[in-house]
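S.K.: Could you look at this predicted model? Sequence included:
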Amino acid sequence: MTAIDWNLITLRENPFAMSPPDEPADAKWADMANIKADYERVLREAKGSAPSQVILVRGPVGGGKTHAALYFSAKDRWPRQSPSVNDLHIIRVPTPKETGKPDRNFYVDVVEFITLDKVRGAVTNAIDAVGRDTARNVLQRTMLSADLSNALIRLSDDENQQLLDAYFLGKCSTAELRKLRLNRNIEKTQDYFRVLAGIFQLFIGVSESRDVENHDRVCLWLDELEDFVYFTPAQYRPFGQGLRELVDRVPYFLTVFLNFTFTSPEDFEEIELVLGKYLVDRVTENIIFGEMSDDEMLTYVSDMLQFFGTPERGNLAAVRDNAYYPFTEESLKLILANLARRTPRDINKRCRNTILKAFEQKLFNERTKNTIEPDFVRSVSAEELDREIG
């Protein structure tokens, strides 16, 4: 394969990746100003008010929903707000892929994302703030179970910590349950989501006040919920009912984002089928990713090139006079013509493939800042422009 020196085109690396980066700090936001404003409005409300939120996010494949979840996982990207909650606890998990027990898989994913050590710290903080009895009473009111709330409170100081870990993340034998003085394991859908409600309440805070400055907010981001169409009703219905239980049990200082790759009115019926009408009725906001206009696509590419530019990029005349370098505006319009979907993923694919083809044909060198001209784009087949590369 031809070696690629991105510096030859004043770039630090490939700006047109086909999947989001691993770390929120590496995620860039290009164009899509209206969508960003929608998120910022919702997030400002989350920081500055008490009621819980359920946000339904939908749009085409590759539209940017997963990327947005990653981008706003960095707390410093949330808009400023005063007054504001003390802190944010952002939990980003994918939809369970295994079709056995998605409710349990989801529960384990969330608890492992948080870690039981952090839950122990949250229990200790709650007890220090209001006393053990009050903290237990708040949890019992949230979880509707004396057994579950007692087990959660005991995470702070009980001598049987290893057994309690097994209780919350595995399964205890009858003898172990007897030693813990607990009646049964966590094994029903209702149990999983009530334990999560209790954990979220601990991080939110156990004060009876609704003053935002006395609480934190938990933000739960669920991605790729459309995968539930591959599950049986007996599998996805308990999950939807569990999410509804979670929202009902934590009516304040919880934000839940539900990402779906559905766009048409008919698809909304699928969403209601998966989540259940009662959870859909609790949706407080909709964020809908549409396809980009011609101008928005050009701005998107320009923004991505600027984000990944080398320090010298802004000083070169070839670039200063052409925000689309190594493309020209005319060649870029040709590249973006007749896209299957006008989404970031499809734009990235076309731009990446064109640049790789230019490197393959040794268009770029250190002596001159050649550009990708319209004639070069016309020489590249549609199959090459749209090919998938691992």
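M.R.: Thanks, I have the structure now.
S.K.: Show me the shaky parts of the stretch 151-300 of the chain.
M.R.: Within the stretch 151-300 of the chain, the segments meeting pLDDT under 70 span 263-266.
S.K.: And the strands in it?
M.R.: Counting by DSSP state E, counting those that start in this stretch, residue ranges of the strands within the stretch 151-300 of the chain are 217-223, 254-260, 285-288.
S.K.: Could I get the ones you listed in TSV, plus columns for mean neighbour count and distance to Leu385?
M.R.: To be clear about C-beta, it is placed using only N, CA and C from the backbone, and glycine gets the same treatment. Written out in TSV, the entries for the strands of the stretch 151-300 of the chain read as follows (neighbours: other C-beta atoms under 10 Å; distance: least, C-beta to C-beta, whole Å):
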stretch	mean neighbour count	distance to Leu385
strand 217-223	24	28
strand 254-260	23	28
strand 285-288	14	28
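S.K.: so can I have TSV of those showing distance to Arg387?
M.R.: Putting those into TSV (distance: least, C-beta to C-beta, whole Å) gives the following:
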stretch	distance to Arg387
strand 217-223	26
strand 254-260	27
strand 285-288	30
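S.K.: Looking at those, which is nearest to Glu112?
M.R.: For the strands of the stretch 151-300 of the chain, proximity to Glu112 was assessed by C-beta to C-beta; strand 217-223 is nearest, at 14.2 Å.
S.K.: Now do the contacts for the residue positioned nearest the centre of the chain.
M.R.: By C-alpha atoms, centre = their mean, the mean C-alpha position of the chain lies nearest to Ala69, the distance being 2.9 Å. Contacts for Ala69 were tallied using C-beta atoms under 8 Å, 6 or more residues apart in numbering; they are 92, 221, 223, 257, 259.
S.K.: what pLDDT does Gly390 get?
M.R.: The predicted local distance difference test score for Gly390 is 53.
S.K.: ok, now Thr2?
M.R.: We note a pLDDT of 57 for Thr2 in this prediction.
S.K.: Next: Asp321.
M.R.: In this model, Asp321 is scored at 83, pLDDT.
S.K.: Show me how the record splits the chain into domains.
M.R.: The chain breaks down into these domains under automatic domain parsing: 6-14+292-385, 52-283.
S.K.: picking that back up, select, out of the strands of the stretch 151-300 of the chain, the one closest to Ser145.
M.R.: Evaluated over those, closeness to Ser145 peaks at strand 254-260, with 18.8 Å, by C-beta to C-beta.
S.K.: Which helix or strand contains the residue nearest to the centre of the chain?
M.R.: Here Ala69, judged by DSSP states H and E, is contained in helix 65-71.
S.K.: Parallel or antiparallel, list what pairs with the helix or strand following that helix.
M.R.: Tracing the chain past helix 65-71, the next element assigned as helix or strand by DSSP H and E is strand 88-94. Pairing partners of strand 88-94, with direction, according to DSSP bridges: strand 217-223 (parallel).
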